[in-house]
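1. Can you look at this prediction? I've put the sequence above it.
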There are 2 protein chains.
Amino acid sequence: MHVLDEAIALQPAGENLLSGRTHPEYANFIGPYGGVTAAQMVQAVMVHPQRLGDPVAFTVNFAAAVADGEFTIEAIPARTNRSTQHWMLRMLQGGQAVSTATAMTALRRPTWGTTEAAMPAVPRPHELPAEPMRPVRWIRHYDRRIVEGDAPHEWKGQDAGASRTRLWLRDQPGRTLDFPSLTAIADTFFPRLWLRRAQQTPLGTVSMTVYYHADSAVLAATGTGYVLAQAQGQGFRDGYLDHTGLLWNEAGELLATTHQLMYYKE
Amino acid sequence: MHVLDEAIALQPAGENLLSGRTHPEYANFIGPYGGVTAAQMVQAVMVHPQRLGDPVAFTVNFAAAVADGEFTIEAIPARTNRSTQHWMLRMLQGGQAVSTATAMTALRRPTWGTTEAAMPAVPRPHELPAEPMRPVRWIRHYDRRIVEGDAPHEWKGQDAGASRTRLWLRDQPGRTLDFPSLTAIADTFFPRLWLRRAQQTPLGTVSMTVYYHADSAVLAATGTGYVLAQAQGQGFRDGYLDHTGLLWNEAGELLATTHQLMYYKE
């Protein structure tokens, strides 16, 4: 069993309720990696017996630190239409919400389409060095190849002037891409603050949104290939910064777009 | 009383419940303008007696068509921390959810900051012509000055090749900017599909996120000035498209960033 499948395994715990536990292999500096918390919320929708269609939009709010150990996810289909469905979710620990989320699933059908946010011309993953081993546990479960905008190696408080990062990544060991894993990948970016102000300050993601342009067939076809992930900061003010991000597969298909808001202390 | 204040007026209707009604002056082609629906949800947080701080993140999901007439908003503080608070909201009609939302409010304090998404150099609002009268009711309540990327005047199915729109706008008559009005403005963009494929097909916003970089003091200082709004489409596939957007005030301060997902039929 893949370590991500272990991490997102959920057990029925009543109507609209599932139980799970944090996985030590996806530990962050403190508590679990938020991308896997997000993946667990998406998985709660994926395994729900009333689910209609594939995720098209997902927003998770990291309301409080998730403690290592057990949690319960409440996933409520708040509105079911003919071809779309809206979900409200909470992750609970000790009866208190530690995450909230909304999701929208839909039966999709072919239409005219185009990718306006085209994949940039970048070296292929195998032309780039594998990232050296990092001390943080969750990163070891990704094969990451940095294209540009790596985290600073020296913490001198300098301003790089821009905060764009591009990297290729995939689950390690390989695992066919699906909605939970793509969601986890969407949260892979280190804080944009580190590029604009290489100073270590308390910070963390407080909200993340993912719009899925790929359906389950596109994700299955992407398979164990790499995802090109790009993020760039937009505003940094009074304790909060946001970034906007894009995720393509090696064929240049736009799999998802993502945005997040982070808290920072100083 | 300003027409927007009439539109977002809410009456207490029980614990965590407020009632309101759609306003004919913000009618869209069918039903109310989604931006005002979003503003009503934000207002439900703003007037809640337990609110802590200013909105920093807000996501609304348009789950079903809002019928003209009365609605109830349920606004639940799902998690209250020392300086942040997470909200879950539903707009109900006939006991059924027509919108869902999450919001995060926070007590902000001054930190280092920068605007990476700088305001582009564009003509000032008064150098641009006022938009001619439009048949759709809600648009009349905005003073809009198009900089680039206006909706097509001919519907010939052509592809403009890119879908970036920039416009200045403000409430008409003037009204000091606040969180509900900024949220309504964030939904002002016509569908990006119209620039990539000038063809009228059924469509509508299904989810919108706003990250607020301005606090209430910055909004008050912006006053009745114009907001420069920019949006650009990213992916268009199998019935869903997204755009990413930015909102600055005339002083070049980044007030908010916004993203949305739209459904389209063909």
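-> Arrived safely.
2. okay, CA-based contacts and neighbour counts for the rest of this
-> OK.
3. Following element in sequence after the lowest-mean-pLDDT helix or strand in chain A, please.
-> The helix or strand of chain A with the lowest confidence, counting by mean pLDDT, DSSP states H and E, is helix A:193-196 at a mean of 92. The helix or strand immediately downstream of helix A:193-196 is strand A:203-212, counting by DSSP states H and E.
4. and that following strand, what other elements does it pack with?
-> Counting contacts by 3 or more C-alpha pairs under 8 Å, 6 or more residues apart in numbering or on different chains; DSSP states H and E, strand A:203-212 is packed against strand A:54-62, strand A:254-264.
5. Point out the one among these that comes closest to residue A:153.
-> Using C-alpha to C-alpha as the measure, strand A:254-264 is the one of those that comes nearest residue A:153, at 19.8 Å.
6. for that closest one, which positions count as buried?
-> A:254-264 (16 or more other C-alpha atoms under 10 Å in any protein chain shown).
7. Just read off the phi/psi values of residue A:251.
-> phi -80, psi 0 (degrees, to the nearest 10).
8. One more: residue A:181?
-> phi -70, psi -40.
9. What is the burial count for it?
-> 24 (other C-alpha atoms under 10 Å in any protein chain shown).
10. For it, list the residues it contacts.
-> By C-alpha atoms under 8 Å, 6 or more residues apart in numbering or on different chains, residue A:181 lies in contact with A:4, A:39, A:171.
11. and which of those residues is nearest residue B:96?
-> For the contacts of residue A:181, the nearest to residue B:96 is residue A:39 (27.9 Å; C-alpha to C-alpha).
12. just to revisit the earlier point, of the buried residues of strand A:254-264, which ones also sit close to chain B?
-> A:254, A:257, A:261 (C-alpha under 8 Å from any C-alpha of the partner chain).
13. my guess is the first one meets residue A:246, correct?
-> Yes. Residue A:254 is within contact range of residue A:246, at 7.4 Å (criterion: C-alpha atoms under 8 Å).
14. So what touches the least confident helix or strand of chain A?
-> A:149, A:151-152, A:158-163, A:200, A:236, A:241.
15. do stretch A:251-264 as well
-> So stretch A:251-264 is contacted by A:115, A:117-119, A:186, A:191, A:201-214, A:219, A:239-249, B:57, B:211, B:234-235 (C-alpha under 8 Å, 6+ apart).
16. Need the buried ones from these selected in ChimeraX.
-> Buried residues among the contacts of stretch A:251-264 (16+ other C-alpha under 10 Å), as a ChimeraX selection:
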select /A:115,117,119,186,191,203,204,205,206,207,208,209,210,211,212,213,214,219,239,240,241,242,243,244,245,246,247,248,249 /B:57,211,234,235
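17. Can you report how many residues lie near the closest residue to residue A:149 other than its chain neighbours?
-> Take residue A:149 and drop its neighbours on the chain: the residue closest to it by C-alpha to C-alpha, 6 or more residues apart in numbering or on different chains is residue A:165, 4.2 Å away. The local packing of residue A:165 (other C-alpha under 10 Å) involves 21 other residues.
18. Residue A:165 reaches residue A:233, doesn't it?
-> No. Applying C-alpha under 8 Å, one finds residue A:165 not in contact with residue A:233, separated by 9.4 Å.
19. what residue ranges in chain A score low on pLDDT?
-> By pLDDT under 70, chain A has no low-scoring segment.
20. In it, which helix is the longest?
-> In chain A, assigned by DSSP state H, the helix with the most residues is helix A:34-46.
21. That one versus strand A:203-212: what angle between them?
-> 40 degrees (axes from the mean of the first three to the mean of the last three C-alpha atoms, to 10 degrees).
22. Dump helix A:34-46 to CSV, keeping only the CA atoms.
-> Presented in CSV, the C-alpha positions along helix A:34-46 are these (Å, rounded to 0.1, in the frame of the first residue of the first chain):
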residue,chain,number,x,y,z
GLY,A,34,-1.2,20.7,5.2
GLY,A,35,-1.3,19.3,1.7
VAL,A,36,-2.2,15.9,3.2
THR,A,37,-4.8,17.4,5.5
ALA,A,38,-6.3,18.9,2.3
ALA,A,39,-6.1,15.5,0.6
GLN,A,40,-7.9,13.8,3.5
MET,A,41,-10.7,16.3,3.1
VAL,A,42,-10.9,15.6,-0.6
GLN,A,43,-10.8,11.9,0.1
ALA,A,44,-13.8,12.3,2.4
VAL,A,45,-15.8,13.5,-0.6
MET,A,46,-14.3,10.8,-2.9
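23. does chain B sit close to that helix?
-> No. Residues of helix A:34-46 contacting chain B under C-alpha under 8 Å from any C-alpha: none, with a closest distance of 14.8 Å.
24. Report the buried residues of that helix.
-> Neighbour-count burial for helix A:34-46 [16+ other C-alpha under 10 Å]: A:34-46.
25. And the residues you listed, which two are furthest apart?
-> A:34 and A:46 (18.3 Å).
26. in terms of contact, does residue A:64 touch residue A:100 like I think?
-> No. In this structure, residue A:64 is not within contact of residue A:100 by C-alpha under 8 Å, at 9.8 Å.
27. For the two, indicate the residue with more neighbours.
-> Taking neighbours as other C-alpha under 10 Å, residue A:64 and residue A:100 compare with residue A:100 leading, 29 against 19.
28. re earlier: just give me the closest of the contacts of residue A:181 to residue A:107.
-> Once C-alpha to C-alpha is applied, the member of these that ends up nearest residue A:107 is residue A:39, at 20.5 Å.
29. Quick check: closest non-adjacent residue to that closest one.
-> Closest to residue A:39 by C-alpha to C-alpha, 6+ apart is residue A:180, at 4.3 Å.
30. three-state assignment of the one you found?
-> Here residue A:180 is recorded as helix under DSSP: H, G, I helix; E, B strand; the rest coil.
31. list the contacts for it?
-> By C-alpha under 8 Å, 6+ apart, the neighbours of residue A:180 are A:36, A:38-40, A:42-43.
32. so what's the residue of chain A most remote from its centre up against?
-> In chain A, the greatest distance from the average C-alpha position (C-alpha atoms, centre = their mean) is reached by residue A:156, at 28.8 Å. By C-alpha under 8 Å, 6+ apart, residue A:156 lies in contact with A:198-199.
33. part of a helix, is it?
-> No. Using three-state DSSP, the assignment for residue A:156 is coil, not a helix.
34. re earlier: would you mind writing the CA trace of the least confident helix or strand of chain A as CSV?
-> Coordinates of each C-alpha in helix A:193-196 appear next as CSV, following Å, rounded to 0.1, in the frame of the first residue of the first chain:
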residue,chain,number,x,y,z
LEU,A,193,7.9,35.2,1.9
TRP,A,194,11.1,33.2,1.9
LEU,A,195,12.0,34.6,-1.5
ARG,A,196,11.0,38.2,-0.8
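35. can you pull out the helices in the stretch 1-150 of chain A?
-> A:3-7, A:34-46 (DSSP state H, counting those that start in this stretch).
36. So which of the ones you listed is nearest residue B:88?
-> Closest among the helices of the stretch 1-150 of chain A, using C-alpha to C-alpha: helix A:34-46, at 15.5 Å.
37. which one is residue A:65 nearest to, not counting chain neighbours?
-> Counting by C-alpha to C-alpha, 6+ apart, residue A:65 lies nearest to residue A:98, which is 6.5 Å off, once chain neighbours are set aside.
38. Up against chain B, what does the stretch 51-200 of chain A have?
-> Counting by C-alpha under 8 Å from any C-alpha, the residues of the stretch 51-200 of chain A that sit close to chain B are A:56-57, A:59, A:61, A:63-64, A:78-79, A:81, A:85-86, A:88, A:96-98, A:100-102, A:104, A:108-117, A:162.
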